[in-house]
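Visitor: fold the following.
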Amino acid sequence: MIRIDSQIDRNFSALSHRMTDMAVPGRGAAAPESIASLIDKVNAAKLRYQPGGMR
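Guide: Numbers count the residues shown, from 1 in each chain. As a prediction, this is how the structure comes out:
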């Protein structure tokens, strides 16, 4: 029984990887955001959750 389970796990894992690697039709790749932009978003989110911060 262990061999069957591990074979099923391997097959499922391989299928999952293939599905992840498939491109989504009709959608282009999103342009990567700059590090500065991501840091600004994190800082803005932190301010929203601090007491007395902007809402």
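Visitor: Pro32: what secondary structure?
Guide: Assigned by DSSP: H, G, I helix; E, B strand; the rest coil, the conformation of Pro32 is coil.
Visitor: let me see the mean pLDDT of the helix or strand hosting Arg10.
Guide: Per DSSP states H and E: Arg10 is located in helix 2-21. On average, the pLDDT along helix 2-21 is 78.
Visitor: helix or strand right after that helix?
Guide: Taking DSSP H and E, what comes next after helix 2-21 is helix 35-49.
Visitor: how far away from the center of its chain is that next one?
Guide: Here helix 35-49 is found 18 Å from its chain centre; the criterion is C-alpha atoms, centre = their mean, to the nearest Å.
Visitor: kindly export that helix (C-alpha atoms) in CSV.
Guide: Taking C-alpha atoms only, helix 35-49 is exported to CSV below (Å, rounded to 0.1, in the frame of the first residue of the first chain):
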residue,chain,number,x,y,z
ILE,A,35,11.3,47.5,-4.6
ALA,A,36,10.7,51.1,-3.7
SER,A,37,7.0,50.8,-4.7
LEU,A,38,6.6,47.6,-2.7
ILE,A,39,8.2,49.2,0.4
ASP,A,40,5.9,52.2,0.0
LYS,A,41,2.9,49.9,0.0
VAL,A,42,4.1,48.1,3.1
ASN,A,43,4.7,51.3,4.9
ALA,A,44,1.3,52.7,4.0
ALA,A,45,-0.3,49.4,5.3
LYS,A,46,1.6,49.7,8.6
LEU,A,47,0.4,53.3,9.1
ARG,A,48,-3.2,52.2,8.6
TYR,A,49,-3.0,49.6,11.3
